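Visitor: structure for the following, please:
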Amino acid sequence: MPPAPSTAGRAKGVAARLALLAVPVAFFAVFFAYPVAAIVARGLKTDGSWHLGRFAEVLAQPDVRQVLWFTTWQALVSTALTLLIALPGAYVFARYDFPGKQLLGAVVTVPFVLPTVVVGSAFMALVGRGGLLHEWWGLRLDTTVWAILLAHVFFNYAVVVRTVGGLWAQLDPRQEEAARMLGASPATAWRRVTLPALAPAVAAAALMVFLFTFTSFGVVQILGGPAFSTLEVEIYRQTSEIFDLSTAAVLTMIQFVAVGVILALHAWTVRRRESALRLVDASVTARRPRGAGQWTLLGAVVATVAVLLVAPLAVLVERSFGGAGLDYYRALTREDGGVFLVAPIEAVGNSLQYAFAATAIAVVVGGLAAVALTRRDAGRLVRGFDALLMLPLGVSAVTVGFGFLIALDEPPLDLRASWILVPLAQALVGVPFVVRTMLPVLRAVDVRLREAAAVLGASPWRAWREVDLPMVRRALLIAAGFAFAVSLGEFGATVFIARPDNPTLPVAVARLLGRPGQLNYGQAMALSTVLMIVCAVALLALERLRTDRTGEF
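Guide: Numbers count the residues shown, from 1 in each chain. Presented below is the predicted three-dimensional model:
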């Protein structure tokens, strides 16, 4: 066993972590904390005085309390249902090798990047009035909580499969096999060996699903109707329809505090469950299914993906033609002067450029943060920043978008006319995915390997490059893929800052859906189909890179 590093070595390590955190701290301070604080101050501060009494006034309203209750319980149920349905899929993708696996992996991830307005419309076609279920069996689920829950599973299935499956694929299966040789049943071996090792990844996936469902907007607004409203829906209504910025600011702060408490509990839970794991190359853990039971499990997962994920996507494709052939696609190449200053098809190139820039920003910022947060003996301030990195997923996108317009309009941060503003907003929601995907794997690396490298004279940078990087290349690639996918489909903040002559795909779809007329609706469905194809091609390429050339990533 190598000797413990000296006090000077530990001090050097702490200094290196703080230096690594400088970039993420500056990024979140300027592009998250400052804009959010600006919009909250605009709502709660007048004539130089804060009106904190608005908190009591808003919380005293029965409608607001009902919104808080519905927001919380639907997020909890959505998270539990997503884990229940998606964990078998995570196991299949991690342990099984079967024809079409790469294509199926891309299909699973596509729903996660679709704009919520598009998914809401697709589910209406399935479960609403005149939808497939209504036509075939006379069953309607729109304006019910079941439609909302199913749509949330549709969105977040990929989060569990990617986050949990990414670590599961690198767990040495021989540990579970050894437990079974010692007399443990398959269920007991999984519960006592595999589940504790997966706990950090499961907790990270559950956290992300909860945050997305806690702040759900488009799905609830379209499928729930006036009967259901989340905090995000209410913030949008108070901001855009009633123009009551003070009530919107109070709801934003309530959402902010609630998410902060949840993140603190999550960080405490993860620290208690962390342990060093034996990670192996993912390419050697997957094998073809054997026996009727394993083939049945694979079939059940494929059937779930087909019914829950593919069916809504098929509806979008069908409506992009709508009996008119390619007319809707041809219309995308023409300028009409009503919605955009350019042809709608140019949104494809804009989205790709923005997504690549946002991915680069998210990987750099998130990667530096993940490396700095790797050590479990970091101070409380550093551990607290671990939780703060997730706040962009739990704060209203409406608030962030308005905050960008209000705060970033004066030198030296006058960015409203700059193209970089959109990638910066997209990177805000991409960084948490990079951190949560990389951190469980980084923390699973045996700390004694780093200590041995330090004793042998390696600098913190060289130790990370030669010890950690070879073991986390796959996680880094997955993180980059997540950031790219999220950037392609980000809508909440981008809709406020994307210029009419440079719209993104989600913004273009939303604006077309907001205009009456069959042509606008058909173009929206055609653009949605283009978005699905672009995302599927990108994700399929990612799957091929990370499986065929694992030695380089």
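
Visitor: below-threshold pLDDT in the stretch 451-553 of the chain: ranges please.
Guide: 460-461, 464, 468, 538-553 (pLDDT under 70).

Visitor: let's see that with 50 instead.
Guide: Counting by pLDDT under 50, the stretch 451-553 of the chain contains low-confidence residues at 547-553.

Visitor: where along the stretch 301-450 of the chain do the helices fall?
Guide: The residue ranges that make up the helices of the stretch 301-450 of the chain, judged by DSSP state H, counting those that start in this stretch, are 311-321, 327-331, 346-372, 380-388, 397-407, 421-444, 447-455.

Visitor: can you flag the weakest of those helices by average pLDDT?
Guide: Out of these, the stretch the model trusts least by mean pLDDT is helix 380-388, with a mean of 65.

Visitor: measure the closest residue in space to Gly403 that isn't next to it in sequence to Phe496 for me?
Guide: Nearest residue to Gly403, sequence neighbours excluded (Cβ to Cβ, 6 or more residues apart in numbering): Pro35, at 2.9 Å. C-betas here are computed from N, CA, C, even on glycine. In this structure, Pro35 lies at 11 Å from Phe496, with Cβ to Cβ, to the nearest Å as the measure.

Visitor: okay, these two: which has more neighbours?
Guide: The neighbour comparison of Pro35 against Phe496 (other Cβ atoms under 10 Å) goes to Pro35, with 25 against 16.

Visitor: which stretches of the stretch 51-200 of the chain form helices?
Guide: 53-59, 62-95, 101-113, 116-127, 132-137, 145-168, 173-181, 186-189, 195-214.

Visitor: rebuild these as TSV, extending it with distance to Pro500, mean neighbour count and mean pLDDT.
Guide: As requested, the helices of the stretch 51-200 of the chain are arranged in TSV below (distance: least, Cβ to Cβ, whole Å; neighbours: other Cβ atoms under 10 Å; pLDDT from 0 to 100):
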stretch	distance to Pro500	mean neighbour count	mean pLDDT
helix 53-59	35	14	81
helix 62-95	33	18	91
helix 101-113	23	21	79
helix 116-127	18	24	75
helix 132-137	36	12	72
helix 145-168	28	25	87
helix 173-181	54	14	73
helix 186-189	58	12	75
helix 195-214	29	23	82
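
Visitor: figure out which of the ones you listed is closest to Ala19.
Guide: Distances from Ala19 to each of these were compared using Cβ to Cβ; the shortest belongs to helix 195-214, at 25.4 Å.

Visitor: quick one: that closest one to chain centroid distance?
Guide: 12 Å (Cα atoms, centre = their mean, to the nearest Å).

Visitor: what helices or strands is the following helix or strand past it leaning on?
Guide: From helix 195-214 onward toward the C-terminus, using DSSP states H and E, the following helix or strand is helix 218-219. Using 3 or more Cβ pairs under 8 Å, 6 or more residues apart in numbering; DSSP states H and E as the contact criterion, the elements in contact with helix 218-219 are helix 116-127, helix 145-168.

Visitor: what sits closest to Arg65 if chain neighbours are left out?
Guide: Leu59 (7.1 Å).

Visitor: how many residues are close by Ser49?
Guide: Around Ser49 there are 8 other residues, counting by other Cβ under 10 Å.

Visitor: do Leu18 as well
Guide: Using other Cβ under 10 Å, Leu18 is surrounded by 15 other residues.

Visitor: isn't there a strand covering it?
Guide: No. Secondary structure of Leu18 (DSSP: H, G, I helix; E, B strand; the rest coil): helix, not part of a strand.

Visitor: how much space between it and Ser240?
Guide: Using Cβ to Cβ, Leu18 is found at 41 Å from Ser240.

Visitor: does the residue nearest to Gly403 touch Ile406 like I think?
Guide: Yes. At 7.1 Å, Pro35 counts as touching Ile406 under the criterion of Cβ atoms under 8 Å.

Visitor: dihedrals phi and psi, Pro503?
Guide: With angles defined as degrees, to the nearest 10, Pro503 sits at phi -70, psi 150.

Visitor: the helices of the stretch 51-200 of the chain into CSV, with extra columns for distance to Asp414?
Guide: As requested, the helices of the stretch 51-200 of the chain are exported to CSV (distance: least, Cβ to Cβ, whole Å):
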stretch, distance to Asp414
helix 53-59, 31
helix 62-95, 36
helix 101-113, 31
helix 116-127, 31
helix 132-137, 50
helix 145-168, 35
helix 173-181, 55
helix 186-189, 60
helix 195-214, 31
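
Visitor: between the ones you listed, which gets nearest to Gly325?
Guide: helix 116-127 (19.6 Å).

Visitor: mind putting the helices and strands packed on helix 218-219 into JSON lines with distance to Val233?
Guide: Formatted as JSON lines, the helices and strands packed on helix 218-219 follow (distance: least, Cβ to Cβ, whole Å):
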{"stretch": "helix 116-127", "distance to Val233": "11"}
{"stretch": "helix 145-168", "distance to Val233": "11"}
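
Visitor: figure out which of those is closest to Gly43.
Guide: Among the helices and strands packed on helix 218-219, if distance is taken as Cβ to Cβ, the winner is helix 116-127, at 24.4 Å.

Visitor: show me what the closest one is packed up against.
Guide: The criterion is 3+ Cβ pairs under 8 Å, 6+ apart, and the helices and strands that helix 116-127 contacts are helix 132-137, helix 145-168, helix 218-219, helix 311-321, helix 505-513, helix 518-548.
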